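Fold the following.
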Amino acid sequence: MKHGIHPETRPVVFRDKAGDLAFLTRSTASSDRTVEWTDGKTYPVIDVEISSASHPFYTGRARELDTAGRVERFRRRYGRSAG
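A predicted model of the protein is given here:
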């Protein structure tokens, strides 16, 4: 890596309030808000809207399609016989 051309990285806490998850990692992102971490030090915190703790794909709470209702609605709209 060339020296002097890469942005400086620093420890940052990313927090997902909906999923009640926070993790400390290195990032180039910065924030004016801070949080005290479990090690007693204060780090900048960035709130994210979604993470693996709150995303439906990872939590298993994915939206289920109501296929039976869709079929009945089709039959009511277009009749039982097709063709």
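
Next, find the distance separating the residue nearest to the spatial centre of the chain from residue 25.
Residue closest to the mean C-alpha point of the chain, counted by C-alpha atoms, centre = their mean, is residue 50 at 1.9 Å. From residue 50 across to residue 25, the span is 17 Å (C-beta to C-beta, to the nearest Å). Every residue, glycine included, has its C-beta placed from N, CA and C.

for residue 72, same thing?
Residue 72 sits 49 Å away from residue 25, going by C-beta to C-beta.

Equivalent analysis for residue 51, please.
Counting by C-beta to C-beta, the gap from residue 51 to residue 25 is 12 Å.

The two - which one has more neighbours?
residue 51 (17 against 9; other C-beta atoms under 10 Å).

Averaging pLDDT per element, find the lowest-scoring helix or strand in the protein.
Least confident element among the helices and strands of the chain, by mean pLDDT, DSSP states H and E: helix 56-59 (a mean of 60).

Tell me the pLDDT of residue 43.
Residue 43 carries a pLDDT value of 96.

Neighbours of the closest residue to it other than its chain neighbours, how many?
In this structure, residue 43 finds its nearest non-sequential neighbour in residue 13, 4.8 Å apart by C-beta to C-beta, 6 or more residues apart in numbering. By the measure other C-beta under 10 Å, the count of residues near residue 13 is 21.
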